[in-house]
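Engineer: Structure for the following, please:
(3 chains)
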Amino acid sequence: MIHIGDLNPIQQRAVLFEKDRPLMILAGAGSGKTKVLTYRAAHLIKDEGVNPSSVLLLTFTNKAAGEMLSRVQTLLETNYSSPTGGTFHSFSVRILRKFGLAVGVPISFSVFDENDQIETIKRAMQVLGVDQKAMRPASILNSISDAKNNLIGEKEYASYAKGSFQETVAKVYTVYQNLLRQYSGLDFDDLLLKTVKLLKEDENTLNRVRELFPYVLVDEYQDTNKAQYELTKLLAIKSHHLTVVGDASQAIYSWRGADYKNLQYLKRDFPEIITINLEQNYRSSQNILMAANEVIEKNKNHPILRLWTNNEQGEKIAIFQAESEIDEAQYILKEVKGNSRKGVQLSDYAVLYRTNAQSRVVEEAFLHDGIPYILFGGTRFYERKEVKDILSYLRILVNPEDEVSRKRAEKIGKGRVKKLEESRTGIDLQSNSISILDQVLRITGYLDLYDTNNEEDMARIENIKELRSVATEFSDLSEFLQQITLTEKESRSGNTRSSVDERDAVTLMTLHSAKGLEFRRIFMVGMEEGLFPHSRALLSTEEMEEERRLCYVGMTRAKDKLYLSYALRRLYFGQRNSNPPSRFLADVPEELIEVKNKIRQTRHISEQWGFDENGNWKWSPDD
DNA sequence: TTCAGGTGTATTTTT
DNA sequence: TACACCTGAA
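Structural biologist: Below is the predicted model of the structure:
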């Protein structure tokens, strides 16, 4: 038996719940959802005798997948092999490599990332003579991606298209798909789409895959899109061996096609599904939890778990009214420095903001005072120029049809591509990825482009070395290329900026990237109408609810202390604005708040703003 | 092939 | 304000 003594009774029930029945675990923030899911996987294997490789764990990020697998492994101890796990996308790649031919997917397809997609869209627009200034390729791609996420193919889209925009999209969509076929390329969305298509159309494969993975466990189910929903349904509808974990209140990716309603749809497709709610929170203080509850309660369109905790009441929520964005940053600085003397570490802090552009002011303040920080979300490793350059060489070797990569390679230098093509016959594509990579570097002389005395160039060379070390992990080149496009790597260069001890640093990131993480002390900055909630969400109830969920996610990251701040005047994209304080602030109950700035301590903030008796937004700063 | 200068655009970004 | 992208000239 696996040891479940450290779980609460409800968690235990979820872990031990009968294995042949579909189970939906609604798990609030900080309620131990990953713990429950990993324990359940371990329980199936160790106590129920399920073959480890028959257990399929699906998530959205490689990081989360990796962590789940290693946690299961720890629970199982050594004499068990690992369950199967990964992201929906990497799982799809594996299925398509093995069985994709049945729906016309070549084994060595290229995986097109967003950049490649845009390039292909541009090409399609060129073919059709669509003016790229009149219609932005990115917004066309958006519509196409949206359609794909909802399993709408180009023909079906064309039949629904209304108005000139959609009609153009429909045309581009068709040409785009033709180009992808020509290039032997699948974009991110196709990976899911084609896999669903394959399982729907080819019964042999469906049965085979069901045999291979009779037990399916999915984390963060509120983030699934239609394609992912269909995929899990296809896998589990017959066996009923499905466990999903999710929380509608933490759904913040609807703009990428995610639909928290999939949690409800599951009840329709699996009528015998049992729901277990995990509502005890182990992370936050009572005050933080109460405040977060009040904020999320305003949402009417989805179920809301009422979290509770045995933790201490804790400190009050600090609200700070800054004069400007610079003043706001100074406040953070002062607070961080003040507490560091009291034994609070820099790594206990995270500063969360709605938009990336907001990081700059905070960075400047930290930089000026020599406070080390880690900034999340720069250019991703596999999107760096030098990495993509080399990958484009490799991609044309594996898949000569890949015109997007060819174009990129030719931009580096036509001569180099020519040399590479001439040597093609001398390169054994069956040999190790790393040896092929080294041959490519030698043949193209790519490294000559960089000057070892130049600091920036050296960083690029470092990245290439990093890429080499990843290549050693894959023997098959085609598999290497397909998987790494779907993998985010921790990029070490250029992120930490300080000479001080690198391990202890404040974290700076967007609210979105904070999901799933926790910190002792959280600053949420820019709590202003138009910024957070963002101006784009102001007109739509749906989007406003998502902003509110985002606020909830941010607040529930904090264990001990939550700081909310806003600025009376803010310079944003070269414009000076005066935004009213965020409506979310007004939802935090008065008795949980301490107002940090001296100026307006006399008057309680909720008298200054909020909704008036007619439900209209009001704001009256007293100067 | 390279680079300077003009132009357009700026929400979030798991893969 | 800032920067990615495109264009055209050298």
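
Engineer: Distance of whichever residue of chain A sits closest to DNA strand C relative to A:Ala357?
Structural biologist: Distances between chain A and DNA strand C by C-beta to the nearest atom of the strand are smallest at A:Gly574, namely 2.8 Å. For glycine as for every other residue, the C-beta is placed from the backbone atoms N, C-alpha and C. Distance, A:Gly574 to A:Ala357, using C-beta to C-beta, to the nearest Å: 11 Å.

Engineer: If you count surrounding residues, which of those two has more?
Structural biologist: Neighbour count, other C-beta atoms under 10 Å: between A:Gly574 and A:Ala357, A:Ala357 has more, with 12 against 5.

Engineer: before we move on, back to that, roughly how far apart are the residue of chain A closest to DNA strand C and A:Leu367?
Structural biologist: A:Gly574 sits 21 Å away from A:Leu367, going by C-beta to C-beta.

Engineer: Could you count how many residues lie near the closest residue to A:Asn432 other than its chain neighbours?
Structural biologist: Using C-beta to C-beta, 6 or more residues apart in numbering and skipping the chain neighbours, the partner closest in space to A:Asn432 is A:Ser475 (5.4 Å). Counted with other C-beta under 10 Å, residues neighbouring A:Ser475 total 14.

Engineer: now do A:Tyr282
Structural biologist: A:Tyr282 is surrounded by 14 other residues when neighbours are defined as other C-beta under 10 Å.

Engineer: residues touching it, list them.
Structural biologist: Residues counted as contacts of A:Tyr282 (C-beta atoms under 8 Å, 6 or more residues apart in numbering) are A:30-32, A:309, A:311.

Engineer: Most neighbours among these, please name it.
Structural biologist: Counting by other C-beta under 10 Å, A:Ser31 has the largest number of neighbours within the contacts of A:Tyr282, with 26 neighbours.

Engineer: That one looks like it's in a helix, true?
Structural biologist: No - when classified by DSSP: H, G, I helix; E, B strand; the rest coil, A:Ser31 is found to be coil rather than part of a helix.

Engineer: Surely it is in contact with A:Asn281?
Structural biologist: Yes - in this structure, A:Ser31 is within contact of A:Asn281 by C-beta atoms under 8 Å, at 5.7 Å.

Engineer: Sheet partners, orientation included, of the longest strand belonging to chain A?
Structural biologist: What stands out as the longest strand in chain A, according to DSSP state E, is strand A:558-567. Strand pairing for strand A:558-567, using DSSP bridges, gives strand A:317-322 (parallel), strand A:519-524 (parallel).

Engineer: As a markdown table, those strands with mean pLDDT, mean neighbour count and distance to DNA strand C would be great.
Structural biologist: A markdown table is the format used below for those (pLDDT from 0 to 100; neighbours: other C-beta atoms under 10 Å; distance: least, C-beta to the nearest atom of the strand, whole Å):
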| stretch | mean pLDDT | mean neighbour count | distance to DNA strand C |
| --- | --- | --- | --- |
| strand A:317-322 | 95 | 22 | 19 |
| strand A:519-524 | 97 | 24 | 22 |
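
Engineer: With distance to A:Gln345 added, can I get the ones you listed in CSV?
Structural biologist: What follows is the strands paired with strand A:558-567, written out as CSV (distance: least, C-beta to C-beta, whole Å):
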stretch, distance to A:Gln345
strand A:317-322, 19
strand A:519-524, 8
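
Engineer: Tell me which of those sits nearest to A:Pro580.
Structural biologist: Proximity to A:Pro580 (C-beta to C-beta) singles out strand A:317-322 among the strands paired with strand A:558-567, at 11.5 Å.
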